[in-house]
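Visitor: give the three-dimensional model of this entry:
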Amino acid sequence: MPNRFDSKIITIMQTLYSRGFTLRGIRQGIRLKLEHGIDIDIYTLKVDASKLRVRLKLPVDNEEERVRIINDAGERLRDGLKDVSEMEDFQFSRCDSGNYFYYARLFMLDPKIKTIMQVMHSRGFPVKAIEKGIRLTLSGKNVDIYALKFDASKLRVRLKLPVEEEGKRIRVIQDVSETLRDGLGNSWDMEDFTFSRCISGEYYYYARLFMLDGDIVDTRPSRKKAVGPNDAGKEKKADLENAVDIFESVDSKMFRQAMDGLGIPRTSILRVSFARIFRAATDPDELQTTIREEAARISDPMDRSDLDALLASNKVEFLEPIIRGLHRSVFDEPAITADITDY
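Guide: As a prediction, the model looks like this:
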């Protein structure tokens, strides 16, 4: 395809093509050819090329079937673009000559993460893209740098060590910190790693990362002494951390199969909520925020009853933390109002 496209479209095109999607060019964008004659268009707006849109046209009268197709198409597209962009949920627009049109906005990966990726590449560090960020291998250990989903201005560094002896962990942390700070240069400031939790012999450490710029005011909060949680708080935190750890080894196909196995309809609001929670399970803070947002959407008595039954009947081990977390947030925590952020 000729380079007449916006650079963002080119990045999306190259990513999808490398992952086996069938593509063709359209005006101001590209078209993905899915099964059963379903097409997804990704394009820039003619009036504002900085904005990306995704369009899905369905010649399907049955609403339940449309919802199933929309959910499947959305999950596949998010999987295909998880390293470079984030997509909103599809919203119905209109019906024209028997075709139902749905649209979603698409946002490219946070530019700060891309800048870090380029810096580390230029200094000879092997870098791999992960959801919301990048992964480096330092001192034989994986180091993840990513933006928080609920606040993309905040960057986090995660180090997971399967090392029992504390002295060895300290030496690895010191070596990783020194190497990472040297690789990031003078444009970034990283806090010291702080221990978070240990699950199944894996010790998790986190650090906050800040971009240094003379024109940007340093808004880092002062460190505060941690307050010891009560038993309920400890249980909630353990669930969140356990879910993050578990879902590192669960892909979208496994998740969909588990949902199908539990008999959760693809048209169900619970199915949609669990899918959003699953995508947020990369950081405990993001996961907690998403669970609270989704709990605010579960207002129908029938949906609440289904969630109650699901908590009692679930046999899928990796779903247990998020089912319990959503159930707790729906029934035990103060309600919050779900809103839509205008980007």
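Visitor: CA only for contacts and neighbour counts going forward, please
Guide: Will do.
Visitor: what is the neighbour count of Arg297?
Guide: Counted by other CA atoms under 10 Å, the residues lying close to Arg297 total 18.
Visitor: that one and Gln91, how far apart?
Guide: Going from Arg297 to Gln91 by CA to CA, to the nearest Å gives 16 Å.
Visitor: now Leu138
Guide: As for Leu138, its distance to Gln91 is 42 Å (criterion: CA to CA).
Visitor: give me the more crowded residue out of these two.
Guide: Leu138 (18 against 14).
Visitor: tell me the phi and psi of the more buried one?
Guide: phi -120, psi 130 (degrees, to the nearest 10).
Visitor: so it is in contact with Gln174, correct?
Guide: No: checked against CA atoms under 8 Å, the pair Leu138 and Gln174 is beyond contact range at 11.2 Å.
Visitor: got the contact list for Arg53?
Guide: Neighbouring residues of Arg53 by CA atoms under 8 Å, 6 or more residues apart in numbering: Ile42, Tyr43, Thr44, Leu45, Tyr103, Ala104, Arg105, Leu106.
Visitor: typo on my end, Ile298
Guide: Counting by CA under 8 Å, 6+ apart, Ile298 has contacts Ile269, Leu270, Arg304, Val330.
Visitor: cool, and Asp192?
Guide: So Asp192 contacts Ser177, Ala207, Arg208 (CA under 8 Å, 6+ apart).
Visitor: so how far is Val127 from it?
Guide: Going from Asp192 to Val127 by CA to CA gives 22 Å.
Visitor: same check on Tyr43?
Guide: 28 Å.
Visitor: who has more neighbours, these two?
Guide: Using other CA under 10 Å as the criterion, Tyr43 and Val127 rank with Tyr43 on top: 24 against 17.
Visitor: spatially, what comes nearest to that one if we skip its sequence neighbours?
Guide: Nearest residue to Tyr43, sequence neighbours excluded (CA to CA, 6 or more residues apart in numbering): Gly29, at 3.9 Å.
Visitor: phi first, then psi, for the one you found.
Guide: Main-chain dihedrals, Gly29, degrees, to the nearest 10: phi -180, psi -150.
Visitor: kindly report the same for Leu287.
Guide: Torsion angles, degrees, to the nearest 10, at Leu287: phi -60, psi -40.
Visitor: what pLDDT does it get?
Guide: We have a pLDDT of 84 for Leu287.
Visitor: go on, Thr341?
Guide: Per-residue confidence (pLDDT) for Thr341: 31.
Visitor: which residue ranges of the stretch 151-300 of the chain form helices?
Guide: Taking DSSP state H, counting those that start in this stretch as the criterion, the stretch 151-300 of the chain carries its helices at 166-184, 231-247, 252-261, 269-280, 284-297.
Visitor: tell me which residues in the first one are buried?
Guide: When burial is assessed from 16 or more other CA atoms under 10 Å, helix 166-184 yields the following buried residues: Arg169, Val172, Ile173, Val176, Ser177, Leu180, Gly183, Leu184.
Visitor: for the protein, which spans come out with low pLDDT?
Guide: Regions of the chain meeting the criterion pLDDT under 70 cover residues 1-5, 36, 83, 129, 131, 150, 213-239, 333-343.
Visitor: centroid-wise, who is the farthest residue in it?
Guide: Here the centre of the chain is the reference, and by CA atoms, centre = their mean the most remote residue is Ser97, at 36.1 Å.
Visitor: which residues touch it?
Guide: So Ser97 contacts nothing (CA under 8 Å, 6+ apart).
Visitor: re the thing from before, so which of the contacts of Arg53 wins on neighbours?
Guide: Ile42 (26 neighbours).
Visitor: is it true that that one touches Ile30?
Guide: Yes: Ile42 is in contact with Ile30 according to CA under 8 Å; the separation is 5.4 Å.
Visitor: shared neighbours, the two?
Guide: Taking CA under 8 Å, 6+ apart as the criterion, Ile42 and Ile30 both touch Ile9.
Visitor: measure Ile10 to Val54 for me?
Guide: From Ile10 to Val54 the distance is 15 Å (CA to CA).
Visitor: please apply the same query to Ile9.
Guide: Distance from Ile9 to Val54, counting by CA to CA: 11 Å.
Visitor: which one of those two is surrounded by more residues?
Guide: Set Ile9 next to Val54 and count neighbours by other CA under 10 Å: Val54 wins out with 23 against 20.
Visitor: give me phi/psi at that one?
Guide: phi -120, psi 130.
Visitor: identify the residues contacting it.
Guide: Ile40, Asp41, Ile42, Tyr43, Tyr103, Ala104, Arg105, Leu106.
Visitor: just to check, the first one is in contact with Ile70?
Guide: In this case it means Ile40. No: using CA under 8 Å, Ile40 makes no contact with Ile70, being 10.2 Å away.
Visitor: just the strands in the chain please.
Guide: 23-26, 29-33, 39-44, 52-58, 85-87, 91-96, 99-108, 127-130, 133-138, 141-147, 155-161, 188-190, 194-199, 202-211 (DSSP state E).
Visitor: looking at these, which is nearest to Glu293?
Guide: Taking CA to CA, strand 85-87 is the member of the strands of the chain nearest to Glu293, at 17.1 Å.
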